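**Q** Sharing a model that was predicted from the sequence below.
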Number of protein chains: 2
Amino acid sequence: MLENVYILGIDPGSRKLGYAVLEISGIKPRYVECGTITAPLTAAVPERLREIGEGLEQLISEYPISEAAVENVFTAVNPKTALVLGQARGMAIYLLAKAGIAITSYNPNTIKKSVTGRGKAPKLQVRRSVSYLAGLTSEVAEDAADALAVAFCHSMHRKRLV
Amino acid sequence: MLENVYILGIDPGSRKLGYAVLEISGIKPRYVECGTITAPLTAAVPERLREIGEGLEQLISEYPISEAAVENVFTAVNPKTALVLGQARGMAIYLLAKAGIAITSYNPNTIKKSVTGRGKAPKLQVRRSVSYLAGLTSEVAEDAADALAVAFCHSMHRKRLV
């Protein structure tokens, strides 16, 4: 029997969260949806987290997602940025864990290599590759493209239960 | 008419969350409860966030809390620590915001000064002061003491609607 699994890639940020949903039926992942959940620029941190969190909850209620993937954050950013990024990331991981979704994280180089063949691929190449893999003709927004990249990466690396 | 408000102080960490509940009836805050919500040391990040988050949700369902306070994180920690701390903090802020609880953050020096009279007070003095303010005879655990300190700080600085 073929597996039929929905996977979610996310790119959480303090003001927006990129997401991508793929369906895996057989071997090839099928593109379902990607986009960006945004919070008002003027909102304070708690309100932004609430808005983005509610958008994410809405999304995971729409598909029977069982696996999610997120990029590992490099420690090379400064502590202030790391804290703000961590807040968005923690909220998203919490909501996925609470929904019973298994979460895997991947290093940036692993993600780039999965979608372009090169661990050091520039951002533009990643965007073009994920558009191609998803069968999209229009350009994908940056956060959505990053979410698509980690989703495709997970589709290639996840353990298959055959 | 006297206001009768429940306030919550939290000290979110990646493995445990200190909390303290005060009731403000009239001028003087009344100590209600403090403690620590812990996650298993062996659990992975998503599971830890889920466990601590569920404990916090349980707590805020027990009291009609309308205001919460948290310490501002200094940017002097390294990026990796900041990210991990941010994750716990973001999850907690998200849950409070979702419950309609207003959140205020205070600088460490403001908190110390509020409970000891000195912005540079050592940790032990803060612990002793909050035990005294809460009317407790037994020693309070470190995370719970930090949560008590930010809760008392908020009780002194919050805007009163008179």
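**A** That came through fine. All of these numbers come straight from a predicted model, not from anything done at the bench.
**Q** For the rest of this, base every contact and every neighbour count on C-alpha atoms.
**A** Fine.
**Q** Could you export stretch A:93-102 as CSV, CA atoms only?
**A** The C-alpha trace of stretch A:93-102 is given here as CSV (Å, rounded to 0.1, in the frame of the first residue of the first chain):
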residue,chain,number,x,y,z
ILE,A,93,7.3,24.4,17.4
TYR,A,94,4.9,24.4,20.4
LEU,A,95,1.8,24.5,18.1
LEU,A,96,3.1,21.7,15.9
ALA,A,97,4.1,19.5,18.9
LYS,A,98,0.7,20.1,20.5
ALA,A,99,-1.0,19.0,17.3
GLY,A,100,1.0,15.7,17.4
ILE,A,101,3.1,16.6,14.4
ALA,A,102,6.7,15.2,14.3
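**Q** which other residues reach it?
**A** Stretch A:93-102 has contacts (C-alpha atoms under 8 Å, 6 or more residues apart in numbering or on different chains) with A:53, A:56-57, A:65-68, A:103, B:46-47, B:49-50, B:53, B:91.
**Q** rerun at 7 Å
**A** A:65-68, B:46-47, B:49-50, B:91 (C-alpha atoms under 7 Å, 6 or more residues apart in numbering or on different chains).
**Q** Following element in sequence after the helix or strand containing residue A:93, please.
**A** Applying DSSP states H and E as the criterion places residue A:93 in helix A:79-98. Sequence-wise, the next helix or strand beyond helix A:79-98 is strand A:102-106, with elements assigned using DSSP H and E.
**Q** Compute the inter-axis angle for that next one and helix A:79-98.
**A** 150 degrees (axes from the mean of the first three to the mean of the last three C-alpha atoms, to 10 degrees).
**Q** Show me which residues of whichever helix or strand comes after strand A:102-106 are buried.
**A** Counting by DSSP H and E, the element after strand A:102-106 in chain order, helix or strand, is helix A:108-116. In terms of neighbour count (16 or more other C-alpha atoms under 10 Å in any protein chain shown), helix A:108-116 has its buried residues at A:108, A:110-116.
**Q** Output those in CSV, with distance to residue A:127 and pLDDT appended to each entry.
**A** Listed next are the buried residues of helix A:108-116 as CSV, based on distance: C-alpha to C-alpha, whole Å; pLDDT from 0 to 100:
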residue, distance to residue A:127, pLDDT
A:108, 14, 94
A:110, 15, 96
A:111, 12, 97
A:112, 10, 96
A:113, 13, 97
A:114, 13, 96
A:115, 9, 96
A:116, 9, 96
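**Q** quick one: which of those is nearest to residue B:135?
**A** Set against residue B:135, the nearest of the buried residues of helix A:108-116 by C-alpha to C-alpha is residue A:108 (51.6 Å).
**Q** Distance to residue A:145 and secondary structure added to the contacts of stretch A:93-102, as JSON lines?
**A** Putting the contacts of stretch A:93-102 into JSON lines (distance: C-alpha to C-alpha, whole Å; DSSP: H, G, I helix; E, B strand; the rest coil) gives the following:
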{"residue": "A:65", "distance to residue A:145": "19", "secondary structure": "strand"}
{"residue": "A:66", "distance to residue A:145": "21", "secondary structure": "strand"}
{"residue": "A:67", "distance to residue A:145": "18", "secondary structure": "strand"}
{"residue": "A:68", "distance to residue A:145": "15", "secondary structure": "strand"}
{"residue": "B:46", "distance to residue A:145": "24", "secondary structure": "helix"}
{"residue": "B:47", "distance to residue A:145": "27", "secondary structure": "helix"}
{"residue": "B:49", "distance to residue A:145": "27", "secondary structure": "helix"}
{"residue": "B:50", "distance to residue A:145": "28", "secondary structure": "helix"}
{"residue": "B:91", "distance to residue A:145": "25", "secondary structure": "helix"}
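**Q** Can I get these in CSV including neighbour count, pLDDT and distance to residue A:6?
**A** Output for the contacts of stretch A:93-102, formatted as CSV (neighbours: other C-alpha atoms under 10 Å in any protein chain shown; pLDDT from 0 to 100; distance: C-alpha to C-alpha, whole Å):
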residue, neighbour count, pLDDT, distance to residue A:6
A:65, 21, 97, 5
A:66, 16, 96, 6
A:67, 20, 97, 7
A:68, 24, 98, 9
B:46, 22, 96, 19
B:47, 20, 96, 21
B:49, 30, 97, 23
B:50, 24, 97, 22
B:91, 29, 97, 24
